[in-house]
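S.K.: requesting a structural model of the entry that follows:
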Amino acid sequence: MRIAVGSDMRQPVTDAVIGWLQSEGHALRLIGPLVAGDETEWAEASAATARAVTAGDADAAVLFCWSGTGACIAANKVRGVRAALCGDAETARLARRYNHANVLVMSMRVTSPAIAIEITQAFLTAPWGEDEYDVRNVRVVDALA
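M.R.: Numbers count the residues shown, from 1 in each chain. Below is the predicted model of the structure:
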């Protein structure tokens, strides 16, 4: 899978998720300070990560910021993005199934590397739900922008 990974800073949690994604054979597009020498701020890194998904350069994205909230807000400003701030694996699974989330957002402040890997794995392996109720609601959300 092609995955964009963005952040406004490099931390042990970002490195752990990147390492795990690489070990799983995913093709990564790193955005922001995850690229050596890049000093992109959180709003721009979040938007660029989200745009990688909507432009078709990535199948999904994983995004980090200190609280996760700012990155989630910024990513959701990009038309076609359904970013979900997740602090546990079950929330990540449900975000994919019921909300067809295509960008996972995590807090670097409260998420340990081991939990971040669990959340990422749950997010990437959960299928989008095909129940008409869920599909209809996703269409409504997509039309809001």
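
S.K.: show me where this structure has strands.
M.R.: With strands called from DSSP state E, the chain shows them at 2-6, 27-31, 60-65, 83-85, 103-107.

S.K.: tell me the buried residues in stretch 101-111?
M.R.: Neighbour counts using 16 or more other CB atoms under 10 Å place 101, 102, 103, 104, 105, 106, 107, 108, 111 of stretch 101-111 among the buried residues. Every C-beta, even on glycine, is put in place using the N, C-alpha and C of the backbone.

S.K.: rewinding a little: so can I have JSON lines of the strands of the chain showing mean pLDDT and distance to residue 40?
M.R.: Converted to JSON lines, those look like this (pLDDT from 0 to 100; distance: least, CB to CB, whole Å):
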{"stretch": "strand 2-6", "mean pLDDT": "98", "distance to residue 40": "8"}
{"stretch": "strand 27-31", "mean pLDDT": "97", "distance to residue 40": "7"}
{"stretch": "strand 60-65", "mean pLDDT": "97", "distance to residue 40": "12"}
{"stretch": "strand 83-85", "mean pLDDT": "98", "distance to residue 40": "17"}
{"stretch": "strand 103-107", "mean pLDDT": "98", "distance to residue 40": "16"}
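
S.K.: nearest to residue 92, of the ones you listed?
M.R.: strand 103-107 (6.1 Å; CB to CB).

S.K.: need the distance between the two termini of stretch 104-115.
M.R.: From its first residue to its last, stretch 104-115 covers 13 Å (CA to CA, to the nearest Å).

S.K.: meant to ask about stretch 78-93, not that
M.R.: Using CA to CA, one end of stretch 78-93 lies 22 Å from the other.

S.K.: cool, thanks, signing off.
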